[in-house]
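Peer 1: heads up, no residue letters with this:
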């Protein structure tokens, strides 16, 4: 289960979040925890360098893409490595949408598109599409495999 | 809090230049609520039913709702048509404006400009909100039907899905974003005019169903999107579920059965004719939807369709079908195996999956193969099981670490969180014994593999693979080699995962040891291998590995050349140990866990010890992780009780290095479990390991010299100094409580007659005699004596109590020795004796020298009485012997009464087994027995123990003392009980710690982590405004609203709750049920915020560790955190109770005349309109309409005379 996908800027403001299967009262703690993780570790990190953390049976993989921090949280089959796949799909789609590793401003400019991408990547707590071309087609309401 | 919400909302509200004041939109207050709660931490109102927020005054709530209603009415009904011109100005937009724009633009959806507006401005901005309100649905549906633009339509499906997925009850969809209110509740407040989800969901479903069933080829992209959106409908609704199943199976009926052969080379989806592409797209969509539907285990059609999916050409579809099948297989392995048996044959679809470019598909395949190959139901079909096992083993060669590791875990018997020792042991057996024999690989797949592996792995392993693929290989070797290469990776997730796999390997190995599965790790692997020559060549090929393993094997068993399990393990562990140098603390933690699990009870653990010691000196370790490791020690102990002493030694490092960061309860529990587990031989060592804590010099503030020495205390800050002291107390108590157990010295088993001691009244002789008799106990005694002098006040008290416990439980000469010591202690007389070891803690120790006099005197009194009674008894016996008299019943009765009285007294101080304990000394045993038999008195009166019965013993030792209460006295266990160590009591003894340990052992825990530090670093954005305000949310506010902007609010200022609420809504309260704003709202939130950082769950490391925050409602630990919540809950219940009564008291009326509103507060009336009267004020009624009027307003003030009350 992919429990959460979360984007924040480098100052810890949360830009996008998608939770699945996380009780509402625990979301606050996840946000705090994740943002703190990022604040502690992502300063000066290379773009797209992967970081890992775990809490009990839950795994967290996070990274920095341009000015944006991306966190994914999962459990069970979504372990560190599966989350690394997820985050790879997300970063490549975001780069695809923004044309490059986004600045914060660019990210906000493309906010709607990024939401749609995320919608194609994570669907009800499961990784859906992994191919960025396919995602690009789908957010334009084209069939996944073009005729 | 919903930070993204705060971010965006703050942008709107916090920027003075662009404050939208009249954001009469609906999202404002709830965003603010969450801002507050975010700072105030836990009791986020987000997920709670809205009504939970405190409503102190019903009246004010009502008032609030009224005014809210007005704003809602404004927000939800597009009265203004001038939105377009306003858009030109660059100002933040509100939700309501966006909503209005959608209504507007939907009507003009055929125009290019409107479409552009929608795609570039309205829809993206709307995406920042958590949910969209149902009243948008009609416009969205209109767009859906009329608009041609694909981008618009894509957004429309997105929002329709969000409306469907919104759970409604709390207005909180999983989507995140700016919190929005509970739309349905809002609509209900509107009474008549509001649109609820109930109104629109059926329409949306109908529309989407129609589209999802549309077989038009040109339409099929939309068909896919519609089906996807449909799956977001709540699965609790059976009707929708049935519809979805119908659609999905309908599609599959059309597209799944066609006998299309998956053509090789079609994996990328390139090429192929139009028809097959469309079919493949539909297959994908149908299986994606099916995967989101609940599993239907007994349904053959379900299974059939899922199995067909394996042959589909769309890789995502294949993944889903495998996931579904593997889940089904856990329920019904037999039918699944029968259904997919053919696919497994060479050239079958399952073989193709091995080379499918979808990692998760192969992971699902691994799980499926594992489930079937281990299924009991298939015991009669070993051939099938072997086939699946062989596929599983092939997956060990997978280029992706994710797949390979999953396969390793499956082989090891780690499938889900249910830990079964037999399965684990069998897993270790399999891993060490099994051989991978690859079938003749078809050339195609080989080619594919090498192509595929290019992007996911360095080329070398794939080359290896193609070269060796036909050679049988022992699994363990493949696995070890793979893990070693993973440990050389630079990717932290890979390192973490590899360490985790090693940990699981250790678990399986421990289980195998525990169950006595015979695995000779020193034996050559070639014994099991059928192709020994391959091993040699392997060795040559991987020279770097074999070099290490040769070195290791020569160390471990003196052989070189050929691999043994032991040598492979040794070389792996070498690599694992180097990984501890990783800069990521989580990887290090996982490595340490792996090392703990791989530590064998028979090997030296010095290396592990020093690794842990130097690790713990790193201040970067968060306490949750340390506690996790501590819990790992528990788990390790449970798996291998033999390791008690080792584990205690390791635990000791935690106690001394990071006392402030670990949960003392859990540590104590570990001490205890290990002490019991250490067995007769190890008890002494175990006790030593615990009490070594007491021998440590007091922490030297600021001293860095001992950073790497494990015998040095690191407690440089006050917090850890305090924690260390608590730990010392615990150790002292533990020592007193368990020394007798560890030393196997009990008064009731002592052979020394009590008189002996009297002959050794010389203290020196006594000490000498004591230590020669039982060094363990003598050692413990010495430590306690020192603690009674040199510790802090709390430690001294506990030491005195511990000594008393020992005095009562021990035979002579210990009792006398303690007696003498206590006596001296109470007088302070021996102070000088100990002055050489007097380590002052700077505390004035009082006139008596120890200040313990008053505490000790009752203890001394008990001992005095015992000695006196013993003397009397000896005298009596002598008299009887001299006079050659039998004991009369009267005399026996007196003796028995003294015995009982003393027992009662003794029980006040510590637990003793009543049936066995003889306060009058061993010689009384016979006489008491005679009396008991004569009068038929049962010896097991343990339950009548007054101390136990009245709980006095608890008081005596405060909360720390929780004696076990055995129901029956089993003689074998008596001694263990006496030390409070009986198995059951052990586990029930320390509930909080126990919960934590059990939870950990069960692998539970997906609950949110706690952040220890108070400075929560993610912030509501204040300095964010420019970007958002000027770029994303450029739009304008109605002019009139600007006037109302009542000041900016920094979310960080305490007053911001009130001000920002009012700033949003022009001073009107807002209808969010999240933030219903009773009079005390602001202040209560503020105080909550203030108290939160100090709250125990943040400061107490024991709580911060692993207990689920919400598990312990009744636990006082959570008090500071729970109370506000509980308060809210109670209030919400109340207020819910109030609801009906409020509605019962409603007054209704009818408009007598038309009335034209003269101001914002007032409401237009049309004669004859039905109204609900809320209250009267100064000749005006505040009324609500059943449906909004032409102006869209729902509620407002009307003159009393215009309304007739019914």
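Peer 2: All right, it came through fine. Given the structure is predicted, the values throughout are model-derived calculations rather than measurements.

Peer 1: for the nearest residue to residue B:1169 once chain neighbours are set aside, grab the count of nearby residues.
Peer 2: In space, and not counting its chain neighbours, residue B:1169 is closest to residue B:1151: 4.3 Å by CB to CB, 6 or more residues apart in numbering or on different chains. C-beta coordinates here come from the backbone N, C-alpha and C atoms, glycine included. Look at residue B:1151: counted by other CB atoms under 10 Å in any protein chain shown, it has 21 neighbours.

Peer 1: OK, contacts around residue B:1151?
Peer 2: B:1165-1169, B:1171, B:1198, B:1202-1203 (CB atoms under 8 Å, 6 or more residues apart in numbering or on different chains).

Peer 1: can you give me the helices in the stretch 701-850 of chain B?
Peer 2: Listed in chain order, the helices of the stretch 701-850 of chain B (DSSP state H, counting those that start in this stretch) span B:718-743, B:754-758, B:763-773, B:775-790, B:793-809, B:814-827.

Peer 1: so which of these gets nearest chain A?
Peer 2: Checking these against chain A by CB to the nearest CB gives helix B:718-743 as the closest, at 18.9 Å.

Peer 1: excluding chain neighbours, what is closest to residue B:290?
Peer 2: Closest residue to residue B:290 apart from its sequence neighbours, by CB to CB, 6+ apart: residue B:248 at 5.1 Å.

Peer 1: looking at it, the one you found is touching residue B:291, isn't it?
Peer 2: No - counting by CB atoms under 8 Å, residue B:248 does not reach residue B:291; the two are 9.9 Å apart.

Peer 1: closest residue of chain A to chain B?
Peer 2: Counting by CB to the nearest CB, chain A gets nearest chain B through residue A:24, at 1.9 Å.

Peer 1: which of the helices or strands spans residue 105?
Peer 2: Reading this off chain A. helix A:104-109 (DSSP states H and E).

Peer 1: try chain B instead
Peer 2: Per DSSP H and E, residue B:105 falls inside helix B:95-107.

Peer 1: then residue A:72?
Peer 2: Going by DSSP H and E, residue A:72 is part of strand A:68-75.

Peer 1: list the contacts of that strand.
Peer 2: With contact meaning CB under 8 Å, 6+ apart, strand A:68-75 is reached by A:1-10, A:15, A:30, A:34, A:37-38, A:42, A:57-64, A:82-83, A:86-87, A:90-91, A:94, A:102, A:104, A:107, B:1006.

Peer 1: just the buried ones from those residues, in ChimeraX syntax?
Peer 2: To isolate the buried members of these in ChimeraX, using 16 or more other CB atoms under 10 Å in any protein chain shown:
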select /A:1,2,3,4,5,6,7,8,9,15,30,34,37,38,42,58,59,60,61,62,63,64,82,83,86,87,90,91,94,102,104,107 /B:1006
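
Peer 1: and the contacts of strand A:68-75, which of them are in strands?
Peer 2: Here DSSP state E is the test, and the contacts of strand A:68-75 give A:2-9, A:15, A:58-64 as lying in strands.

Peer 1: point me to the residue of the stretch 101-250 of chain B nearest chain A.
Peer 2: The stretch 101-250 of chain B approaches chain A most closely through residue B:124 (2.6 Å), counting by CB to the nearest CB.

Peer 1: what about that residue, which SS state?
Peer 2: helix (DSSP: H, G, I helix; E, B strand; the rest coil).

Peer 1: pretty sure it sits against residue A:113.
Peer 2: Yes - taking CB under 8 Å as the definition, residue B:124 is a contact partner of residue A:113 at 7.3 Å.

Peer 1: so what touches whichever strand or helix holds the residue nearest to residue B:290?
Peer 2: Here residue B:248, judged by DSSP H and E, is contained in helix B:238-255. The contact list for helix B:238-255 (CB under 8 Å, 6+ apart) reads B:205, B:209, B:212-213, B:215, B:227, B:230-231, B:233-235, B:279, B:282-283, B:285-287, B:289-290, B:293-294, B:301, B:305, B:308.

Peer 1: quick one, domains of chain B?
Peer 2: Split into domains by the TED database, chain B comes to B:745-831+B:848-939, B:1147-1205.

Peer 1: of those domains, which shows the lowest average pLDDT?
Peer 2: Mean pLDDT is lowest for domain B:745-831+B:848-939 among the domains of chain B, at a mean of 75.

Peer 1: now do the phi/psi pair for the nearest residue to residue B:1172 once chain neighbours are set aside.
Peer 2: What sits nearest to residue B:1172 in space, not counting adjacent residues and going by CB to CB, 6+ apart, is residue B:1184, at 4.6 Å. The phi and psi values for residue B:1184, taken as degrees, to the nearest 10, are phi -120, psi 140.

Peer 1: quick revisit: ok, the strand holding residue A:72: who's next to it in the sheet?
Peer 2: Using DSSP bridges, strand A:68-75 pairs in its sheet with strand A:2-9 (antiparallel), strand A:58-65 (antiparallel).
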